[in-house]
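In: below is the sequence, then the predicted model.
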Amino acid sequence: MKLFAISDLHVGFPDNRRALDSIKPRPDDWLIVGGDLGENLDHVKCVVDSLGPKFAKLIWVPGNHELWVDPRAPASEPRGEARYRMYVDYCQRSGVLCPEDPYVEWSGEGGPHLLVPMFLLYDYSFRPDHIPVENAVDWAAEDGIVAGDEIMLDPTPHASRSAWCHQRVALTEKRLSEAIDMPKVLINHFPLRQDIVLLPRVPRFLPWCGTRRTADWHTRYRASTVVHGHLHVRRTCHVDGVRFVDVSFGYPRERRADRPVDDYVRQILPIPETQ
């Protein structure tokens with residue numbers, strides 16, 4: 001039994017939806033789907049319906065896109081915390097592990113490990129040190145970068161996206177401090193450290209990529225591997241001996257057309273000899 005991961009499937013794109021259906025079955029293995037599956041519950045259901053029968057277990061964490069709502073949408077459309085809870089409810093009814101479930105001890109190949117799915121968001125603290133955090137969005141705008149989140153990610157009932165992020169960080173810190181002391185796989189859509197963020201096309205997208213409050217979590221909580229997506233830059237790097245794996249699939253325009261989707265399904269455990 002092995003643990004695999006992929007994120008940023010963005011199945012609203014027809015090419016991505018077709019690619020999703022071509023992922024080969026691994027019925028003995030588990031798969032992390034690391035956020036940004038799409039923009040609504042139908043997109044998440046599409047991924048679960050396609051990949052659920054192919055793997056023994058799915059683990060989901062939310063990205064920012066799942067939380068998007070068109071500001072013109074009816075008031076009945078769930079927003080903010082209610083939207084997150086809508087996905088959690090669906091995952092729990094479907095047997096998909098999510099950040100609100102107890103952490104699971106992995107006993108498959110590469111174990112034992114504690115699998116820790118998280119939902120942490122961002123607080124604009126990823127930025128150059130000379131830019132005050134309150135000016136981070138303006139700094140990005142100087143280069144023409146404005147994240148869709150500023151319009152479509154409603155933090156209700158939290159005062160701001162930053163406040164929601166800080167609430168999630170505090171909640172997750174408490175759970176991790178009480179967790180079993182054993183090697184962990186930390187799973188979050190957003191990178192945990194600013195120094196692993198690589199954005200060659202849009203370097204000033206940085207403020208929407210994480211929070212500095214998690215910079216030492218890989219050592220503080222004894223991680224062997226940190227899994228993230230969001231950046232659409234498939235790579236592996238190491239900090240303090242800990243492996244950080246970006247498992248992004250990304251938009252059709254960002255990929256080679258002749259590269260099969262299974263090339264983007266990354267093995268997490270056991271840790272491969274080469275990446």
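Out: Done, it's in.

In: tell me the SS of the spatially closest residue to Met182 that is not a sequence neighbour?
Out: In space, and not counting its chain neighbours, Met182 is closest to Leu114: 5.5 Å by C-beta to C-beta, 6 or more residues apart in numbering. No exception for glycine: its C-beta is placed from N, CA and C like everyone else's. With DSSP: H, G, I helix; E, B strand; the rest coil as the basis, Leu114 sits in strand.

In: could you pull out the strands for this protein?
Out: Remark: strands assigned in the chain by DSSP state E are 3-6, 26-33, 55-60, 104-106, 113-117, 184-187, 223-228, 235-239, 242-246, 266-269.

In: wait, isn't the residue nearest to Met182 in contact with Tyr103?
Out: Yes - if you go by C-beta atoms under 8 Å, Leu114 and Tyr103 touch, sitting 5.1 Å apart.

In: shared neighbours of the two, which are they?
Out: Taking C-beta atoms under 8 Å, 6 or more residues apart in numbering as the contact rule, Leu114 and Tyr103 both touch Ala179, Ile180.

In: quick check: the gap between the most centrally placed residue in the chain and Met1.
Out: Centroid-nearest residue in the chain: His189, 1.5 Å away (criterion: C-alpha atoms, centre = their mean). According to C-beta to C-beta, to the nearest Å, His189 stands 24 Å off from Met1.

In: which stretches in the stretch 151-275 of the chain count as helices?
Out: For the stretch 151-275 of the chain, the helices defined by DSSP state H, counting those that start in this stretch occupy 161-177, 217-220.

In: what count of nearby residues applies to Glu100?
Out: 15 (other C-beta atoms under 10 Å).

In: where does this structure dip in pLDDT?
Out: Along the chain, segments meeting pLDDT under 70 span 275.

In: try it again with 80
Out: 274-275 (pLDDT under 80).

In: reformat the helices of the stretch 151-275 of the chain as a markdown table; add distance to Phe126 and mean neighbour count.
Out: Formatted as a markdown table, the helices of the stretch 151-275 of the chain follow (distance: least, C-beta to C-beta, whole Å; neighbours: other C-beta atoms under 10 Å):
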| stretch | distance to Phe126 | mean neighbour count |
| --- | --- | --- |
| helix 161-177 | 11 | 17 |
| helix 217-220 | 15 | 18 |
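
In: any chance of these in a markdown table, with distance to Arg193 too?
Out: A markdown table is the format used below for those (distance: least, C-beta to C-beta, whole Å):
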| stretch | distance to Arg193 |
| --- | --- |
| helix 161-177 | 14 |
| helix 217-220 | 7 |
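
In: do you know which of those helices lies nearest Asn16?
Out: Proximity to Asn16, assessed across the helices of the stretch 151-275 of the chain by C-beta to C-beta, is greatest for helix 161-177 (25.8 Å).

In: now the helices: where do they sit in the stretch 1-150 of the chain?
Out: 14-21, 41-51, 80-94, 136-141, 149-152.

In: out of the helices of the stretch 151-275 of the chain, nearest to Met152?
Out: With C-beta to C-beta as the criterion, Met152 lies closest to helix 161-177 of the helices of the stretch 151-275 of the chain, at 11.2 Å.

In: report the distance from the closest one to the chain centre.
Out: On the basis of C-alpha atoms, centre = their mean, to the nearest Å, helix 161-177 sits 15 Å off its chain's mean C-alpha point.

In: check stretch 182-194 too.
Out: Worked out by C-alpha atoms, centre = their mean, stretch 182-194 lies 9 Å from the chain centre.

In: Lys2 is in contact with Arg266, correct?
Out: No - Arg266 lies out of contact with Lys2 (C-beta under 8 Å); the separation is 10.8 Å.

In: okay, those two: which has more neighbours?
Out: Taking other C-beta under 10 Å, Arg266 and Lys2 do not tie; Arg266 has more neighbours (21 against 16).

In: OK, contacts around the closest residue to that one other than its chain neighbours?
Out: What sits nearest to Arg266 in space, not counting adjacent residues and going by C-beta to C-beta, 6+ apart, is Val247, at 4.7 Å. When contacts are counted by C-beta under 8 Å, 6+ apart, Val247 touches Ala5, Ile6, Ser7, Ile32, Gly34, Val227, His228, Gly229, Arg234, Tyr264, Arg266.
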